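Chemist: Need a 3D model of the sequence below.
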Amino acid sequence: MYQYLLFDADNTLLDFDAAEKEALQGALADTPIGCSSRTVQLYHEINAQEWKRMERGETTRERLQTERFIKLYAALGFTLDERGAEDVAAAYLQRLSQQGTLVDGALETVAALSKKYALYIVTNATAWVQKRRLAHTPLVPYFRKVYISHDMGCAKPEQIFFEKVLQDIGDMRKEAYLMIGDSLTSDIAGARGAGLDSCYFDPLGRGCGKETPKWTIHALPELLHLL
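Modeler: Prediction:
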């Protein structure tokens, strides 16, 4: 039924939660706020909110990178100025770029699927960070190309993002594509808006809400039984 599988990267193929924690511990260890479990949880929540704001066009990638740390400091009762935020953000991104931990079953699943389908990664991310992270994994040989929002000048869930991907692949038949990802707001809603089928990766059993993906899976190897 499909010829092309479009995979999200973070928390679909790459274990972003683990990468985020490791990078935060390195970047914040010697700062006034430190890096307790509460700090990590607060950052995770603030960061998710900022990415959703970016998806809605309410902030920019550059602003997001510093604003999330300014808000984190404020939530913990500290003040961080713009220069300080830039320094913390740079330290965090440098450490994040070195993290390539995979989601369980990712390598085995894409290796098997690559024998039958053309695989691509479509990701909202800072280009240099995501490229380095992927280079730290064994995934790269199985994917024909990686599409990163930072390079493309647009991001999921924008329809133009998916249109650019299909145009570059060279096949505009929407029925030939399946989008696989963990984000209802960028992956699943984006695929719906672009007229593509989608598969929601929901390892924590959060449910689909109002979205209606074609399939929902709770572990990546389940794809091998669907496709």
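Chemist: where do the strands sit along this protein?
Modeler: For the chain, the strands defined by DSSP state E occupy 4-7, 118-123, 145-148, 177-181, 197-201, 215-217.
Chemist: I'd like to know which elements the third one is packed against.
Modeler: Pointing back at strand 145-148 there. strand 118-123, helix 127-135, helix 159-169 (3 or more CB pairs under 8 Å, 6 or more residues apart in numbering; DSSP states H and E). Where you see a C-beta, it was placed from the backbone N, CA and C, and this is true even at glycine.
Chemist: Next up, phi/psi of residue 196, please.
Modeler: Residue 196 adopts backbone torsions of phi -110, psi 150, taken as degrees, to the nearest 10.
Chemist: For the chain, which residues score under the pLDDT cut-off?
Modeler: For the chain, no stretch has pLDDT under 70.
Chemist: could you redo the last one with a cut-off of 90?
Modeler: Within the chain, the stretches with pLDDT under 90 are 1, 30, 51-52, 54-57, 61-62.
Chemist: give the contact list for the nearest residue to residue 226 once chain neighbours are set aside.
Modeler: Leaving aside its sequence neighbours, residue 226 sits nearest to residue 215 (CB to CB, 6 or more residues apart in numbering; 5.8 Å). Contacts for residue 215 (CB atoms under 8 Å, 6 or more residues apart in numbering) come out as 198-200, 226.
Chemist: closest to residue 180 among these?
Modeler: Proximity of the contacts of residue 215 to residue 180 was ranked by CB to CB; the top entry is residue 199 with 4.6 Å.
Chemist: which residues does the closest one bridge with?
Modeler: Taking DSSP bridges, one obtains residue 180, residue 215 as the residues bridged to residue 199.
Chemist: same check, this time on residue 10
Modeler: residue 14.
Chemist: What is the burial count for it?
Modeler: When neighbours are defined as other CB atoms under 10 Å, residue 10 has 21 of them.
Chemist: my guess is it meets residue 121, correct?
Modeler: No - at 10.2 Å, residue 10 and residue 121 do not qualify as touching, with contact defined as CB atoms under 8 Å.
Chemist: give me the number of residues near residue 48?
Modeler: For residue 48, the count of nearby residues is 13 (other CB under 10 Å).
Chemist: With residue 97 instead?
Modeler: 19.
Chemist: Tell me if I'm right that it and residue 125 touch.
Modeler: No - Residue 97 sits out of contact with residue 125 when judged by CB under 8 Å, with a separation of 10.4 Å.
Chemist: one step back: right, and the strands of the chain - which one's nearest residue 87?
Modeler: Here strand 145-148 is closest among the strands of the chain (CB to CB), at 24.5 Å.
Chemist: Pull out the buried members of the contacts of residue 215.
Modeler: The neighbour count (16 or more other CB atoms under 10 Å) marks 198-200 as buried among these.
Chemist: Residue 118 and residue 144 touch, don't they?
Modeler: Yes - under the criterion of CB under 8 Å, residue 118 makes contact with residue 144 at 5.5 Å.
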